[in-house]
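Engineer: Here is the input, now give the coordinates:
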Amino acid sequence: MPNPSKDVPWQTIFDTYDINSHDFSKGPYFITADQIKSACQDFKKNVEKEPRILCYQAQKKDKPRVFNENNLFVLPVQNGKYAIIQGEGYTDIPEILSKPIYFETDLKFPLESSLVGNSEMQHLDYAFAIGMVQDFCMVGELYLTIRGRKYTPAFSFNVGKSIIHQQSVQTEVDAGYEGEKHIILIEGKNSKMKDIIIRQLFYPYKKWSIDTNKIVLPLFFEKRGQEYMFWMYKFADKEDYNSIQLVRSAKYVIKKNSVVPHKCIVDPASIGYIGYMKERKLALCDGNCIVCGKEFLRALRPIHGTDGCDDVCCRDDFSQDDFSQDDFSQDERLFGCTPNPDTVRRTGVFEREWKCKNCGCYGYFGEGFEEDEEESIESIEFWSGKFFKTQ
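Structural biologist: Here you go, the predicted structure:
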C-alpha cells in the first residue's frame with residue numbers, strides 16, 4: 001500500500017537522478033541527504049523534503065509507491081548517506097495464536113506511576129518491574145543497562161547478493177537488559193504492527209554483538225489492551241541481514257487479584273442483560289473488568305431500530321396516527337415498548353438487540369451506534385463502579 005505523503009517526493013527524487021535506470025540486481029543505489037534535499041527543495045512541507053522523515057520507513061505501509069513497484073527498501077549506511085536496496089527488508093510480526101499466560105506479580109504494592117502516560121517504554125518498564133520480561137526470556141537475572149540512542153561501530157553485512165558497508169549510524173532500542181551470559185535488546189511499539197523493518201533489530205544486534213562478548217537476543221514487544229506480547233528473534237547468520245528467524249512468542253495477561261494498577265475495562269464478552277426498568281424506561285446490564293473481574297452495572301435507554309410497527313407501537317409517540325392512548329383501556333396502556341428478555345441477543349462488540357414483547361418493533365441498547373447515545377443523566381458508566389438502584 002503506497003504512502004501518499006512520500007509518493008510524490010520520492011518519485012521526484014527518482015526522476016531527478018534517473019534512479020529507475022539503475023540496475024539493482026548489481027547492487028544498491030546510494031544517495032545522500034543533501035541530494036534528497038536538493039531534489040525536494042520546492043516542496044513546502046517538512047514531511048515532503050526532510051531526508052530523515054522521507055527515509056523513515058519502519059513498516060511496509062510507510063514505503064512510497066515507487067519503492068513498492070520495484071521491491072525496494074532503504075537503509076542508512078553512514079551519517080547523511082543511504083542505500084536503496086532491492087529485496088526483502090522487512091519481517092512479519094505474526095499473530096500469537098497460543099493461549100495467554102496468566103502472570104501473577106510479586107509486587108508488594110501498586111506502582112501508581114505506571115498509570116501516567118501510555119508509551120511503549122512505560123509498559124515495557126512495568127513488564128520488567130514485575131518480572132514478566134525475565135519470565136519470557138528465561139536467561140536468569142537481568143539488569144537494565146541499555147537505553148536510548150547509540151552510534152554503531154563500522155561493520156559489513158549481506159543483503160541478498162549485495163554487501164553493505166555501514167559506518168557509524170545512529171541506532172536505538174527501547175530497553176536493553178544484561179544478564180550473566182546474555183544481552184536482551186527490545187524494540188517496543190504501542191500499537192498493532194503487522195511487520196517491521198529488520199534494521200530496527202539487526203543494527204542494535206550487530207552493535208552489541210561487537211561491543212560485548214555475550215549472546216545478544218533481539219526481541220519485539222507490544223502492549224495491546226491488557227495483553228503484553230513478546231516475540232524473540234535470532235539471526236542464523238550474524239553477517240546476513242535476511243537470516244532473521246522467529247524463535248518463539250508469547251502473550252501475557254496480569255492474573256486477577258495480582259497487585260497491579262489498572263483502569264477497569266469491561267470485557268465485551270461478559271456484558272449481560274439483567275432486566276428492564278419500565279417506569280424509568282432503562283435496560284440494566286452488567287459486565288466484568290477484563291483484568292480484575294470486578295462487576296459493574298450500566299443502565300441504557302432502549303433505542304428503536306424501526307420506524308413503525310404493523311399495528312400499533314408501544315412507544316410514547318405512537319407511530320400510527322390512527323391510534324392514541326385514549327383508544328386503549330387502562331390495562332392496555334403500555335407506556336412504551338418493553339424489551340422481551342428472551343429476545344435479547346448480542347449483535348456486536350458492545351451492542352445488544354431486543355424485540356418488544358408487546359408489539360412488533362425492535363431496537364438496540366448498548367454502545368457502538370450513533371443513535372444509541374443515551375442521555376448521561378439517565379445512565380451510568382460501566383467503569384464508574386457506581387451501583388444503579390433498581391426499582
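
Engineer: Can you read off the pLDDT for Arg52?
Structural biologist: At Arg52, the pLDDT value in this model is 92.

Engineer: Quick check: which element contains it?
Structural biologist: helix 51-54 (DSSP states H and E).

Engineer: packing partners for that helix?
Structural biologist: Contact partners of helix 51-54 among helices and strands, from 3 or more C-beta pairs under 8 Å, 6 or more residues apart in numbering; DSSP states H and E: helix 4-16, helix 33-39. No exception for glycine: its C-beta is placed from N, CA and C like everyone else's.

Engineer: Pick out the shakiest of those, pLDDT-wise.
Structural biologist: Taking the mean pLDDT of those, helix 4-16 comes last: a mean of 93.

Engineer: Show me what counts as buried in the helix or strand harbouring Val77.
Structural biologist: Val77 belongs to strand 72-78 when assigned by DSSP H and E. Residues of strand 72-78 classed as buried by neighbour count (16 or more other C-beta atoms under 10 Å): 72-78.

Engineer: tell me, what residue is most central in the chain?
Structural biologist: Ser191 (2.6 Å; C-alpha atoms, centre = their mean).

Engineer: Am I right that that residue is in a helix?
Structural biologist: No. If the criterion is DSSP: H, G, I helix; E, B strand; the rest coil, then Ser191 is coil and not within a helix.

Engineer: how about the nearest residue to it, chain neighbours excluded?
Structural biologist: Spatial nearest neighbour of Ser191, excluding adjacent residues (C-beta to C-beta, 6 or more residues apart in numbering): Glu222 at 7.6 Å.

Engineer: I figured that neighbour was touching Glu187, is that so?
Structural biologist: No. Look at Glu222 against Glu187 with C-beta atoms under 8 Å: they stay out of range, at 9.9 Å.

Engineer: Nearest to Ala250, out of the helices and strands packed on helix 51-54?
Structural biologist: Closest to Ala250 of those, according to C-beta to C-beta: helix 4-16, at 34.8 Å.

Engineer: Just want the angle from the closest one to strand 72-78.
Structural biologist: Put simply, helix 4-16 runs at 80 degrees to strand 72-78, going by axes from the mean of the first three to the mean of the last three C-alpha atoms, to 10 degrees.

Engineer: got the buried residues for helix 4-16?
Structural biologist: Those would be 6-7, 9-10, 12-14, for helix 4-16 by 16+ other C-beta under 10 Å.
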